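Asks: Sequence and predicted structure are below.
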Amino acid sequence: MSQVPFASYCHQGVQLLPIGRDGEVTVNLLDAHEATSGVRDAMRDLYARRGFLPPWIGYLAVENGAVVGTCGFAAPPVDGVVEIAYFSFPGNEGRGLATRMAAELLALSQPLAQQNQYQVIAHTMPEEGPSPVILRKLGFEWLGEIVHPEDGLVWKWRLGRV
């Protein structure tokens, strides 16, 4: 298994470990959540469909040595748009992890977004819940409902051009 040739990122106590092209990570995950292998497989499949271009990839979120969630970009930017996504693993909800993961993705994308004028978007289930609260807190605005080709009816959010 090859090493991923780029660094991990850390924000407010949550470290993001890059998931490599073949689903590999650079460290031995001693306290990996049971969902970790499924996430790594899903990222490998996503890269095959949408491309692998760091930093526009998926990450495992680690807090205090335990894998607590996953986040990343749905694909490299397309037509000036890049989409973020995040998920706290069961048992880790309600502690601000998803907010910190999303904030780290924004921090990671901002220098490149500013340079290339990317718009950062996100999609949520079409109902109030934790994700809309997180996105509003981070400065996203709700654009309305759309029918996503893979996910069906969703709410679309935009951070805006930076």
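Replies: Everything's here; your move. Numbers count the residues shown, from 1 in each chain.

Asks: Please compute how far the top strand by length along the chain lies from its chain's middle.
Replies: When the chain is parsed with DSSP state E, its longest strand is strand 152-161. Strand 152-161 sits 14 Å away from the centroid of its parent chain (Cα atoms, centre = their mean, to the nearest Å).

Asks: Give me the contacts around it.
Replies: For strand 152-161, the external contacting residues (Cβ atoms under 8 Å, 6 or more residues apart in numbering) are 106, 117-126, 132, 135, 138-148. Heads up, the C-betas are built off the backbone N, CA and C, glycines and all.

Asks: How about stretch 141-150?
Replies: With Cβ under 8 Å, 6+ apart as the test, stretch 141-150 has contacts from 123, 126, 132, 135-136, 153-160.

Asks: Run the chain-centre distance for the biggest helix by length in the chain.
Replies: Using DSSP state H, we find that the single longest helix of the chain is helix 97-116. Put simply, helix 97-116 sits 9 Å off its chain's centre (Cα atoms, centre = their mean).

Asks: quick one: which helix or strand includes residue 85?
Replies: Residue 85 is part of strand 81-88 when elements are defined by DSSP states H and E.

Asks: Please save the CA atoms from that strand in PDB.
Replies: Extracted in PDB, the C-alpha atoms of strand 81-88 (Å, rounded to 0.1, in the frame of the first residue of the first chain):
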ATOM      1  CA  VAL A  81     -18.000  25.100  -8.100                       C
ATOM      2  CA  VAL A  82     -16.700  22.800  -5.400                       C
ATOM      3  CA  GLU A  83     -19.000  20.900  -3.000                       C
ATOM      4  CA  ILE A  84     -18.200  20.000   0.600                       C
ATOM      5  CA  ALA A  85     -19.700  17.100   2.600                       C
ATOM      6  CA  TYR A  86     -19.300  15.900   6.200                       C
ATOM      7  CA  PHE A  87     -20.600  13.100   8.500                       C
ATOM      8  CA  SER A  88     -20.100  12.300  12.100                       C
END
